[in-house]
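Colleague: Using only what follows, build the 3D model:
(one chain, ligands or ions: 1)
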Amino acid sequence: MLSNSLIELDRAHLVHPVASYRGHERAGVRVLRSAKGATVTDAGGRELLDGFAGLWCVNAGYGQDSIVEAAARQMRELPYATAYFGLGSEPAIRLAAALAERAPGDLNHVYFTLGGSDAVDTTVRLIRYYQTVRGRPEKDQFISLDQGYHGSSTVGAGLTALPAFHAQFGLPFPWQHKIPSPYPYRNPVGGDPEAIIAASLAALRAKAEEVGGPGRVAAFYAEPIQGSGGVIVPPPGWLRAMRDLCAELDILFVADEVITGFGRTGPLFACSEEEIVPDLMTTAKGLTSGYVPMGAVFLSDRVYDAIADGAGEAAVGHGYTYSAHPVSAAVGLEVLRLYEDGLLENGRRAGARLLAGLHGLAGHPLVGEVRGRGLLAAVELVTDKARRTPLPAAADPARRIFDRAWDNGLVLRAFGTGILGFAPPLCCTPAEIDALVERTRRTLDQTLADPDVR
Ligand code: PMP
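Modeller: Numbers count the residues shown, from 1 in each chain. Okay, the predicted model is just below:
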């Protein structure tokens, strides 16, 4: 049994990310003790199916011995090497080369970070540098999407469009702007893909004009599927249309693949699905499957060469102590091997089964929409299907749904007014996917019976 003292120590000392501090103190921590495959075990010995792969990151599943061995081997041999002073390590160099080979188009240059937030920060810094050294320093405005998520650094949180990341933090910065999300289920122009694409194109043009014209805009950021905003899947063709407009307006197009990268939607990168080559691409999470922290920024030849030529012999002043960490890189190489040794394929099969299973819940009285791609999916709940009325926010439906699913042996993500998010590990078996769907159905039935949520 979990000793009460651990709960007390957590309450007294551990500050949790994106949490109500007082709410967490009241509820107390739920401690996880161990995990294997897609199953996590809590401190009381209860097993739960992890339908969210930690925080959409443990794509390879837990307890993969070959990953543990790769990390241990590297730790024994060379636990740390700086990439400053012109130094390097073999795993970091090999991982950069392997990623460049697999990335879309000419994204041939890789900058390693510690995670997604500093990957996004890195893009903002390098984009400002790029625009300056090419003689366009006035291109200093950045545009992203409503419902977008681009991290929790001060700069990234400003690109993020979630209200809790802005209020009280003095964000966004005046140079950070938003345009509406393509959100097919709740788009004022309706659900027609052509209309949604046209509206997004018009919105980007209009926002560029509003900030002084495209000549003022440095970059536009988009997730191929919006994750933390509620797993919002843009219509097919949307990504390509936005990418093409950015090229036309001389605005850099940044694909934030921190969630969608590394098999989450099927292929290694979601951009490949629409044959998009962004100017920059951010990744993290599945890069190391969450076993150790690491992110990676991909730069196109054009962006890299302009920075390199612009800097000349001067140092480009951007770096982290843990840039290109050898242990993280060794883990990344082994995780990449696993993806290509059947994991991506299993993920695609599991994803098709997951979406079919969740679509089987569409007739449930609370289900407004089922959406997703690969092993990234959402079920959006409503109290009135015709009006698409969200569950009452005052009842804190996300908390209730998360707690019920937990009691049913399922870890899922519950957003805002009742969007259930799923991102299970790519190693899931058919039986695990079926159990996930069944436990979701039970959670929905219990939510329907809850008078406060109707
Ligand atoms: N970008 C996207 C699209 C993300 O989903 C996240 C994290 N959920 C981040 C950036 C930030 O990554 P991290 O939490 O590793 O800093």
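Colleague: Next, the buried residues of the longest strand along the chain.
Modeller: Using DSSP state E to assign secondary structure, the strand with the most residues in the chain is strand 376-384. Within strand 376-384, the residues that count as buried by 16 or more other C-beta atoms under 10 Å are Leu376, Ala377, Ala378, Val379, Glu380, Leu381, Val382, Thr383. Every C-beta, even on glycine, is put in place using the N, C-alpha and C of the backbone.
Colleague: Which pair of those spans the longest distance?
Modeller: Leu376 and Thr383 (25.5 Å; C-beta to C-beta).
Colleague: Close to the ligand: what parts of this protein are there?
Modeller: When proximity is defined by C-beta under 6 Å from any ligand atom, the chain lies next to the ligand at 115-117, 120, 149-151, 223, 227-228, 256, 258-259, 284.
Colleague: Spatially, which two of those are the most separated?
Modeller: Spatially, the most separated pair among the residues of the chain next to the ligand is Gly115 and Glu223, at 15.6 Å (C-beta to C-beta).
Colleague: These two: which has the busier surroundings?
Modeller: The neighbour comparison of Gly115 against Glu223 (other C-beta atoms under 10 Å) goes to Glu223, with 27 against 19.
Colleague: Hmm, Val254 and that one touching each other?
Modeller: No - using C-beta atoms under 8 Å, Glu223 is not in contact with Val254; the gap is 9.9 Å.
Colleague: Closest residue of the stretch 201-350 of the chain to the ligand?
Modeller: Val258 (3.5 Å; C-beta to the nearest ligand atom).
Colleague: burial of that residue, as a residue count?
Modeller: Taking other C-beta under 10 Å as the definition, Val258 ends up with a neighbour count of 30.
Colleague: now it: how far from Leu95?
Modeller: Val258 is 17 Å from Leu95, where distance means C-beta to C-beta, to the nearest Å.
Colleague: Now the terminal residues of stretch 224-241, how far apart.
Modeller: For stretch 224-241, the first and last residues are 12 Å from each other (C-alpha to C-alpha, to the nearest Å).
Colleague: Check which residues of it are buried.
Modeller: Residues of stretch 224-241 classed as buried: 224-235, 238-239, 241 (neighbour count, 16+ other C-beta under 10 Å).
Colleague: now the nearest residue to the residue of the stretch 201-350 of the chain closest to the ligand once chain neighbours are set aside: how far from Tyr304?
Modeller: Across the structure, with C-beta to C-beta, 6 or more residues apart in numbering as the measure, the residue nearest Val258 apart from its sequence neighbours is Gly116 (3.8 Å). Between Gly116 and Tyr304 the computed distance is 20 Å (C-beta to C-beta).
Colleague: Neighbour count for the two, which is higher?
Modeller: Applying other C-beta under 10 Å to Gly116 and Tyr304 shows that Gly116 carries more neighbours, namely 29 against 20.
Colleague: from what I can see the more buried one touches Leu287, true?
Modeller: No - with contact defined as C-beta under 8 Å, Gly116 and Leu287 do not form a contacting pair (9.5 Å).
Colleague: anything in contact with each of the two?
Modeller: Common contacts of Gly116 and Leu287, defined by C-beta atoms under 8 Å, 6 or more residues apart in numbering, comprise Gly295.
Colleague: just to revisit the earlier point, now, the buried residues of stretch 224-241 that are in strands?
Modeller: For those, secondary structure assignment (DSSP E) places none in strands.
Colleague: Centroid-wise, who is the farthest residue in this structure?
Modeller: The centre of the chain is farthest from one residue, Glu313, which by C-alpha atoms, centre = their mean lies 35.8 Å away.
Colleague: ok but that residue is inside a strand, no?
Modeller: No - inclusion of Glu313 in a strand is not indicated when DSSP: H, G, I helix; E, B strand; the rest coil is applied; the result is coil.
Colleague: How is the chain divided into domains?
Modeller: Using automatic domain parsing, the domain ranges for the chain come out as 31-63+341-453, 81-324.
Colleague: Noted, bye for now.
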